[in-house]
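# sequence unknown, structure follows:
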């Protein structure tokens, strides 16, 4: 009797497991249909339903990672793929998982890590042409990135030199302007010092200015001198005339 009960329980468990597996497959198929129709968000929901029915479903977990990747949820996709590597033992599947890890890291601009992921993928699946292509692509991206960084560093150094030249020129201009202002201040001080003397010269010596006579005064003085001279001449003529008269009178008495 107990033997039949054990067989019955085993059969019941098997039927229950089969029913869960069918539901898991049902959600995966629905999720795949939505994924092919580019309905990645809805496909994510169906894959999660499938994982609820069978938590260790490789197909549901792998496809869930793809749905997250398509929605550009790269961090979530990376965690999903990395979780699969913990329990998965099949080399082909591990090759697929690490290939997708490499793609996810590359989209996050983690080029060095993506190169390592592609290399790990090829260790499990060495004949994957797609992984080899992606590995070469990642290496070229790294090379290009290094060249751009080198160019940026060179431009940075060039700009730094130019900035130094510009600053030196500004400092020199500032110094020249300061010297020019200093010279101008000195010249202004000298001009200011000399200014009163020039003004005095322009004004002239007060004593000299007092000795100067106007043209009218000069004419009047000249006229006065001429009058005085005229009077003197008249007096001289009168004196000569008187002397002649006196001489003629004396001569007449001797006769």
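All right, it came through fine. Note that the structure is a prediction, hence the values are computed from the model and not measured. Residues are numbered from 1 along each chain as shown.

# low-scoring stretches of the stretch 51-200 of the chain, by residue?
Counting by pLDDT under 70, the stretch 51-200 of the chain has low-confidence residues at 195-200.

# Quick one: the helices in the stretch 101-250 of the chain, in order.
111-124, 129-203, 206-211, 215-254 (DSSP state H, counting those that start in this stretch).

# a markdown table for the ones you listed, including mean neighbour count and distance to residue 101?
Heads up, the C-betas are built off the backbone N, CA and C, glycines and all. Shown next, in a markdown table, are these (neighbours: other Cβ atoms under 10 Å; distance: least, Cβ to Cβ, whole Å):
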| stretch | mean neighbour count | distance to residue 101 |
| --- | --- | --- |
| helix 111-124 | 20 | 4 |
| helix 129-203 | 11 | 11 |
| helix 206-211 | 8 | 108 |
| helix 215-254 | 10 | 118 |
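
# Reformat these into JSON lines and put distance to residue 72 next to each item.
What follows is the helices of the stretch 101-250 of the chain, written out as JSON lines (distance: least, Cβ to Cβ, whole Å):
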{"stretch": "helix 111-124", "distance to residue 72": "16"}
{"stretch": "helix 129-203", "distance to residue 72": "18"}
{"stretch": "helix 206-211", "distance to residue 72": "100"}
{"stretch": "helix 215-254", "distance to residue 72": "109"}
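
# Give me the distance between the closest residue to residue 107 other than its chain neighbours and residue 105.
With sequence-adjacent residues excluded and distances taken as Cβ to Cβ, 6 or more residues apart in numbering, residue 107 is closest to residue 74, at 5.3 Å. With distances taken as Cβ to Cβ, to the nearest Å, residue 74 is found 8 Å from residue 105.

# Likewise for residue 54?
Taking Cβ to Cβ, one finds residue 54 at 28 Å from residue 105.

# Between the two, which has more neighbouring residues?
More crowded of residue 54 and residue 105, by other Cβ atoms under 10 Å: residue 105, with 22 against 19.

# which one is the more buried one nearest to, not counting chain neighbours?
residue 114 (3.8 Å).

# Enumerate every residue touching that neighbour.
101-106, 138 (Cβ atoms under 8 Å, 6 or more residues apart in numbering).

# give me every residue that touches residue 101.
78, 81-82, 85, 114, 117, 120-121.

# Mind picking the one among those residues that's closest to residue 22?
Using Cβ to Cβ, residue 81 is the member of those that lies nearest residue 22, at 26.4 Å.

# and the closest one, what does it touch?
Contacts of residue 81 (Cβ under 8 Å, 6+ apart): 62, 65, 97-98, 100-101, 104.

# what about 6 Å?
Each residue near residue 81 by Cβ atoms under 6 Å, 6 or more residues apart in numbering is listed here: 65, 97, 100-101.

# what about residue 64, neighbour count?
27.

# What lies in contact with the host helix or strand of it?
For residue 64, the element it lies in under DSSP states H and E is helix 58-70. Among residues not part of helix 58-70, those counted as contacts by Cβ under 6 Å, 6+ apart are 28, 40, 43-44, 47, 50-51, 76-77, 80-81, 84, 104.

# In helices, which of those fall?
The members of the contacts of helix 58-70 that map onto helices under DSSP state H are 28, 40, 43-44, 47, 50-51, 76-77, 80-81, 84, 104.

# Looking at neighbours, which among those is most surrounded?
Taking other Cβ under 10 Å as the neighbour criterion, residue 47 ranks highest of these with 29 neighbours.

# Check the gap between the nearest residue to that residue once chain neighbours are set aside and residue 129 for me.
In space, and not counting its chain neighbours, residue 47 is closest to residue 64: 3.9 Å by Cβ to Cβ, 6+ apart. Per Cβ to Cβ, residue 64 is found 26 Å from residue 129.

# Specify which member of the contacts of residue 114 is nearest to residue 125.
Looking across these and measuring by Cβ to Cβ, the closest to residue 125 is residue 102, at 12.0 Å.
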